[in-house]
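1. Provided below are the primary sequence and the corresponding predicted coordinates.
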Amino acid sequence: MNTAASRATPENERSGGLRAVSLIATFAGAVGSIALTLYAISRNPSVLLMLLFVVWVLAPFAVLLLAHWFSRPWSSLARLTVDGLMIALPLVSLLIYGHRVLRPPKSTGAFVFVAVPPLSVIVVLVTISLVRLTQFRKP
């Protein structure tokens, strides 16, 4: 019989706490990234451009949330990898965007906000793909 009580193991309880922390980190990273993006482009009068930047900057966080959702049936290593990405990627994004806002370049500084989201998505997809591929290889 497969009940909730029989599935409650110390490993599941620990990973449940990590998964909660990773969700909080991802949401905080998304909110912080949007705030820094809007601050950086606040002088731009184009509302459409601001909206496009917001969607663009949110894309990696959406990919992380999708990975979180789909990783439920995956192995503990794959879930741990997703959770680690959900903590590390928002932190790195905030550091990069924060550096850009606190020390604006002399030229246009949009490069950071254009380059970081696709690079983040690539890192997530490659990392998850590698972990998932190693799961299928049985010694």
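-> Looks like it arrived, so ask away. Remember, it's a predicted structure, so these values are computed and weren't measured experimentally.
2. what's the following helix or strand after the helix or strand hosting residue 34?
-> Remark: residue 34 resides in helix 10-40, with elements defined by DSSP states H and E. Moving toward the C-terminus from helix 10-40, the first helix or strand encountered (DSSP H and E) is helix 47-70.
3. Report the distance from whatever helix or strand comes next after that next one to the chain centre.
-> For helix 47-70, the succeeding helix or strand toward the C-terminus, using DSSP H and E, is helix 76-102. Distance, stretch centre to chain centre, for helix 76-102: 6 Å (C-alpha atoms, centre = their mean, to the nearest Å).
4. Next, the angle helix 47-70 makes with helix 76-102.
-> Using axes from the mean of the first three to the mean of the last three C-alpha atoms, to 10 degrees, the interaxial angle of helix 76-102 with respect to helix 47-70 works out to 160 degrees.
5. in helix 76-102, what counts as buried?
-> The neighbour-count criterion (16 or more other C-beta atoms under 10 Å) identifies 78-83, 85-87, 89-90, 93-94, 96-97, 100 as the buried residues of helix 76-102. Placement of C-beta: from N, CA and C, glycine included.
6. Backbone dihedrals for residue 72, please?
-> Backbone torsions of residue 72, given as degrees, to the nearest 10, read phi -50, psi -50.
7. swap that for residue 106, please
-> The phi and psi torsions at residue 106 (degrees, to the nearest 10) take the values phi -70, psi -30.
8. So what's the residue count around it?
-> Neighbour count of residue 106, defined by other C-beta atoms under 10 Å: 5.
9. Below-threshold pLDDT in the chain: ranges please.
-> Counting by pLDDT under 70, the chain shows low-confidence ranges at 1-15, 108, 137-139.
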